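Chemist: Could you work out the structure for the sequence below:
(2 chains)
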There are 2 protein chains.
Amino acid sequence: MNTQAQPMATEQDMANAIRVLAMDAVEAANSGHPGAPMGMADVATVLFNRFLRVDPANPGWPDRDRFVMSAGHGSMLVYAIHHLLGFADMGADQLRAFRQLGSATPGHPEYGHTSGVETTTGPLGQGISTAVGMALAERMMNARFGDDLVDHWTWVIAGDGCLMEGISHEAIDMAGHLGLGRLIVFWDDNGITIDGSTDLSTSTDQRARFAAAGWHVQAVDGHDMAAVAAAITEARADARPSMIACRTVIGKGAPNMAGSHKVHGAPLGQDEVAATRAALGWAHPPFEVPQPVARAWKQAARRGAEAQAAWAARLGASAGRAAFEAALARPDMGALASAMAGHKARLAADRPKVATRKASEMALEVVNTTLANVVGGSADLTGSNLTRTRAQRSVSRTDYGGEYIHYGIREHGMAAAMNGIALHGGFVTYGGTFLAFADYCRPAMRLSALMGLPVTYVMTHDSIGLGEDGPTHQPVETIASLRAMPNLTVIRPADAVETAEAWEIAIASRATPTVLCLSRQNLPTLRDAAGRNRTAEGAYLLREPAGGRDVTLVATGSEVEIALAAADLLAADGIGAAVVSAPSFELFAEQPAEARAAVLGRAPRVGVEAAIRQGWDLVLRPEDGFVGMTGFGASAPAGHLYRHFGITAAGVAATARALL
Amino acid sequence: MNTQAQPMATEQDMANAIRVLAMDAVEAANSGHPGAPMGMADVATVLFNRFLRVDPANPGWPDRDRFVMSAGHGSMLVYAIHHLLGFADMGADQLRAFRQLGSATPGHPEYGHTSGVETTTGPLGQGISTAVGMALAERMMNARFGDDLVDHWTWVIAGDGCLMEGISHEAIDMAGHLGLGRLIVFWDDNGITIDGSTDLSTSTDQRARFAAAGWHVQAVDGHDMAAVAAAITEARADARPSMIACRTVIGKGAPNMAGSHKVHGAPLGQDEVAATRAALGWAHPPFEVPQPVARAWKQAARRGAEAQAAWAARLGASAGRAAFEAALARPDMGALASAMAGHKARLAADRPKVATRKASEMALEVVNTTLANVVGGSADLTGSNLTRTRAQRSVSRTDYGGEYIHYGIREHGMAAAMNGIALHGGFVTYGGTFLAFADYCRPAMRLSALMGLPVTYVMTHDSIGLGEDGPTHQPVETIASLRAMPNLTVIRPADAVETAEAWEIAIASRATPTVLCLSRQNLPTLRDAAGRNRTAEGAYLLREPAGGRDVTLVATGSEVEIALAAADLLAADGIGAAVVSAPSFELFAEQPAEARAAVLGRAPRVGVEAAIRQGWDLVLRPEDGFVGMTGFGASAPAGHLYRHFGITAAGVAATARALL
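Modeler: Predicted coordinates for the structure are as follows:
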């Protein structure tokens, strides 16, 4: 084949292909956001054509560059590029099916749904913040496996919305502090938001702001491809994370609508589509890419494929290959099970009376000394969450080989960074804060659940049992709000044994995040450790009365102790009370109906949890009783609060008696 | 009385009184945070002694300065100052009862619980962000009523944690953009967080960051009282919001522990308390304030009392008095009821088929043309939330007389600012975003609920009915998560009439925030408007079958239409299906049990809501059916999604038949 004789497309042609594909797909869907893909087409073309390394034939190549479309509504930019690069799941049929059920082209990019999409974006600010985790994971993996195996970049396109969201502050502060020089953010500085000009709502000097956070900052005309390329080269040469402010015209190419907020989130309409084709000199029908342009994009893809092949050769020759592949594989659950068996046997012998946060620390000592590549952290509550084990070294800009991250007072940024670490691969990751502050993490936790990332949230101080800090710090509705979230396992262990079991469940999880709700206050060991993981059953019979059940008390976490004491009070009255420990409603719901019925029995039931009743309908019938909270807590020592709110053995026993 | 003969206390003595009271109260409670009050005692003393205007005898004086302890864990700073100024509810007995049940001195400052506490703080970043709303409300009230009646300052003490939280970015960007020059923030720059030195987690140049957001920035030694006073004077003279970085030593005064994170959140211990007394030359027993110091503080209080008296005289002489007092009073519900009656009569006649977000806009036209002092806004989704009515003018730094706030892409900051506006007084306020992004608002919404502030959250695109934007934008668990929150009224109206009723409920609310869950898609008018507000009943019988009930279909919002169609299908089979519209579970729960039983009947029930089942146990028994969602949504046109997930008339009818 004589490639010389074929006309070569210009880089501008390559960018216009993105513009037209995006415009046409939105038109076909009669829904979507043409403005951002058309505005950032030039920047993205320079990036993918000259710098970014991905291999469409190996979308999971571990050393690929990561590209995050933080302005997720501009999803057609990603889909158009994937189509042009030749990703197998992104044929023209998928572009035609943009935003249709079952297509590879949903309204916002979805991880796990479309190959090459590195993270789900759409909720603004999440992409840039998740990318910080990816870029940190890259450095942490590099510290462990060297430049031969780990040497890639994380690229982000962020819009005004991403930079206005609060989480962006947490992310850029973290990235600047950790010196993540391989993170490069393009700000689509088009001066337009949905309401109109950015002048309506913001006047922050974004460049000064990023510089204040320790970033390398540049500004370019986002339609000057040479300038964009020069800025990227300079960004790569600087040791700091880089922000390149790209002054762009939203909807660039649409002759009558470009530069207006009207092009942000609606189809251009037939007339403007035709006018855009004319203005761009684009004579081809929708979804047809002319051969020269197609060839130019395939050549860009070839660069990535060659890099992948070279990397694969290096991996094959590497002494570190086995360890590298082990880090990317499932944790060694056999080794963990053995180590945990020993730990649980010691607990059964010692029967410590410790807070479950302390029990979590004890279990983590086992986890972290058994498994390589566990990375933990806390949002500045290390000594309260007890998330740091003895051998863990702090991660810092001068030591990415550490295993513990000081996330600072940034719960939301921590959650997003954990998502990024999990998405990157190579680490099992967890992070801690107070349970009440799950609210701060929630948008990122939702993405953990939606993406199916097995990160673990260590959330301590899980009820009024935290005492004096008062209602702002006391979760009462938080557990219900987390149980409401699809694909999230919430575990509230009752003692050190259940806590160890909970950690085994969290580490074993492949596609579901886990929340551990842990007490501040000390709790006795209630379980014999022998035998199977009872926590994995979600709820199980902890005590069966000898003479048969008159009532079943179902409790979670710190209230199981109270339920047992109530059963003693009832036994003194000749009432047989079974006690069910129910550490996880989600896991219980997965049990067969007969197993659930056997645990719960037919007798009247009393639920006990120092939280609101919502969500207990899995376990309780309308006629059953509940001892818990009905409103916010108060500031006082924990014991006073339990008595004040009637969450006591006497209260539970009285509720049970009233049912009989 | 010869005051000349009495020894005068120095300002340093006044500050040391705060230090000792804070230290002793934490010691008595054996719990609390002495570090911040001791570190910021000098700054706070200069502020309260020379500048800040409050009148302990009139804590609700509308033109008082607002003081916000954003670093809420330093609550003893507030309580000590209130004690010294002579607030009636802050006797020494209350300091002794720090962090005890029922005291005026809870662990974190609680609005409505302790007089003079302007907002509940503790969750970091909330105070500074709420203060932005207060400072904006001050300017908006000033624009309406002039300098004679409205001329005060908003002062904030914020710690490193407040400035690391993402919400602080949203807040300072908003304050800078809106030119809130009467907002002055003291940053307690002590270099210490719970984990240790701030070097562990942050390296942002906070001064440069605030400057980038358009703030006036200074730095002072926070223990040099003259320098602090000079900085405040300069801050007041500058038209921009001001940040004064106060370099302090945490726990200043404690000779062996000051400057360490150990003094942040734990009692000093008896030895260090004694050493501190010695170092400060403080010979007095706990909670005893020597006369000269007490007199000096009372003199500071007198300055505020005199200002209050002068203001009261101006109010008495003011032509604007009636309007001013009306703005601070309850909205004119009679006028609103009349106007709404006309609106609802028109709806009943016209029977429009509109989205409830559109119906909300129609109702808001009535609200905003009937009531003065309603201020609305949206987090950059004005055209989607339909929150702006025709006559509303944008609020800007050059026109605080407007009624509509462009909050930008800052849901969390919006929610906190609304709290601040409500706390300030003078306005009825609402703000909009997509319901899925309630997660971004949640920590501030929790404070709306905890403080009992009647703000209204206008949350549109309330289900998979939003269609193509996909699962990131589709609430499925969000409604349940909001229903879980104490003291929050969630209303999901089914049509334009219920939407009008919902707005009447929201405006009438005095101590409970309201969330309106509104559809993107069009819905028919289902209700005759005549008669009482049925939405206020929470759930009511919309259709009763002539031949008696075989089944009851209970639905909310956009699914009521589906339930009615299902009832038609069932009627064709000779099955009598009642249809209950249930716009608000919280309001239904407040109805008498007999009324609830009458609405729900004894027949089998099917709940219908395009969301998860959690929370429906108020209405459904275990044996009842539910048609809704069990996981996240997908990207496709709304109609396709409803069919895909089986939320259809046929699906509801089939579920009903299976129960019979």
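Chemist: Okay, and A:C246 sits in which element?
Modeler: strand A:242-247 (DSSP states H and E).
Chemist: Next, A:T552: secondary structure please.
Modeler: Three-state call for A:T552 (DSSP: H, G, I helix; E, B strand; the rest coil): strand.
Chemist: what's around it, how many residues?
Modeler: As a burial measure, A:T552 scores 27 neighbours (other C-beta atoms under 10 Å in any protein chain shown). (Glycine included, C-beta is placed from N, CA and C.)
Chemist: That one and A:S581 touch, don't they?
Modeler: No. Here A:T552 does not reach A:S581: they are 11.6 Å apart, not a contact under C-beta atoms under 8 Å.
Chemist: what sits against A:G431?
Modeler: Residues near A:G431 by C-beta atoms under 8 Å, 6 or more residues apart in numbering or on different chains: A:376-379, A:387, A:405, A:407, A:414-415, A:418, A:455-458.
Chemist: Now intersect the residues you listed with the strands, please.
Modeler: Among the contacts of A:G431, DSSP state E puts A:376-378, A:405, A:456-458 in strands.
Chemist: ok, which of the residues you listed also contact chain B?
Modeler: Counting by C-beta under 8 Å from any C-beta of the partner chain, A:S378 from these sit close to chain B.
Chemist: Could I get the ones in strands among the contacts of A:G431 in JSON lines, plus columns for pLDDT and neighbour count?
Modeler: Putting the ones in strands among the contacts of A:G431 into JSON lines (pLDDT from 0 to 100; neighbours: other C-beta atoms under 10 Å in any protein chain shown) gives the following:
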{"residue": "A:G376", "pLDDT": "98", "neighbour count": "26"}
{"residue": "A:G377", "pLDDT": "98", "neighbour count": "29"}
{"residue": "A:S378", "pLDDT": "98", "neighbour count": "27"}
{"residue": "A:I405", "pLDDT": "98", "neighbour count": "30"}
{"residue": "A:T456", "pLDDT": "98", "neighbour count": "30"}
{"residue": "A:Y457", "pLDDT": "98", "neighbour count": "26"}
{"residue": "A:V458", "pLDDT": "98", "neighbour count": "27"}
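Chemist: what are the phi and psi values for the residue of chain A at minimum distance from chain B?
Modeler: As assessed by C-beta to the nearest C-beta, chain B sits closest to A:G166 within chain A, at 2.8 Å. Phi and psi for A:G166, reported as degrees, to the nearest 10, are phi -60, psi -40.
Chemist: residue contacts, it?
Modeler: Taking C-beta under 8 Å, 6+ apart, we find A:G166 in contact with A:125, A:412, B:165-170, B:410, B:412-413.
Chemist: of those residues, buried ones?
Modeler: Neighbour counting with 16 or more other C-beta atoms under 10 Å in any protein chain shown marks A:125, A:412, B:165-170, B:410, B:412-413 as buried within the contacts of A:G166.
Chemist: any chance of those in a markdown table, plus distance to A:A57, secondary structure and pLDDT?
Modeler: Below are the buried ones among the contacts of A:G166 laid out as a markdown table (distance: C-beta to C-beta, whole Å; DSSP: H, G, I helix; E, B strand; the rest coil; pLDDT from 0 to 100):
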| residue | distance to A:A57 | secondary structure | pLDDT |
| --- | --- | --- | --- |
| A:G125 | 33 | coil | 98 |
| A:H412 | 36 | helix | 98 |
| B:E165 | 43 | coil | 98 |
| B:G166 | 39 | helix | 98 |
| B:I167 | 44 | helix | 98 |
| B:S168 | 45 | helix | 98 |
| B:H169 | 41 | helix | 98 |
| B:E170 | 43 | helix | 98 |
| B:R410 | 42 | coil | 98 |
| B:H412 | 42 | helix | 98 |
| B:G413 | 45 | helix | 98 |
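Chemist: Tally up the residues packed near the nearest residue to A:I157 once chain neighbours are set aside, please.
Modeler: Nearest residue to A:I157, sequence neighbours excluded (C-beta to C-beta, 6 or more residues apart in numbering or on different chains): A:F186, at 5.0 Å. For A:F186, the tally of surrounding residues (other C-beta under 10 Å) stands at 29.
Chemist: surely A:F186 meets A:G159?
Modeler: No. The criterion here is C-beta under 8 Å, and A:F186 misses it with A:G159 at 9.9 Å.
Chemist: ok, and what's touching the strand or helix carrying the residue nearest to A:I157?
Modeler: Secondary structure from DSSP H and E places A:F186 in strand A:183-189. With contact meaning C-beta under 8 Å, 6+ apart, strand A:183-189 is reached by A:36, A:39-40, A:43, A:47, A:71, A:74, A:128, A:131-132, A:135, A:153-160, A:163, A:175, A:206, A:219, A:222, A:232, A:235-236, A:241-248.
Chemist: where in the stretch 401-550 of chain A is pLDDT low?
Modeler: A:530 (pLDDT under 70).
Chemist: Show me which residues of it sit near chain B.
Modeler: Residues of the stretch 401-550 of chain A lying near chain B by C-beta under 8 Å from any C-beta: A:406-410, A:412-413, A:436-437, A:439-440, A:442-443, A:446-447, A:449-450, A:467-473, A:476-477, A:480-481, A:483-487.
Chemist: so of those residues, which ones are in helices?
Modeler: Secondary structure from DSSP state H places A:412-413, A:439-440, A:442-443, A:446-447, A:449-450, A:480-481, A:483 of those in helices.
Chemist: which residues touch the nearest residue to A:V455 once chain neighbours are set aside?
Modeler: Excluding its sequence neighbours, the residue lying closest to A:V455 (C-beta to C-beta, 6+ apart) is A:M418, at 4.4 Å. Going by C-beta under 8 Å, 6+ apart, A:M418 touches A:133, A:377, A:429-431, A:444, A:448, A:453, A:455.
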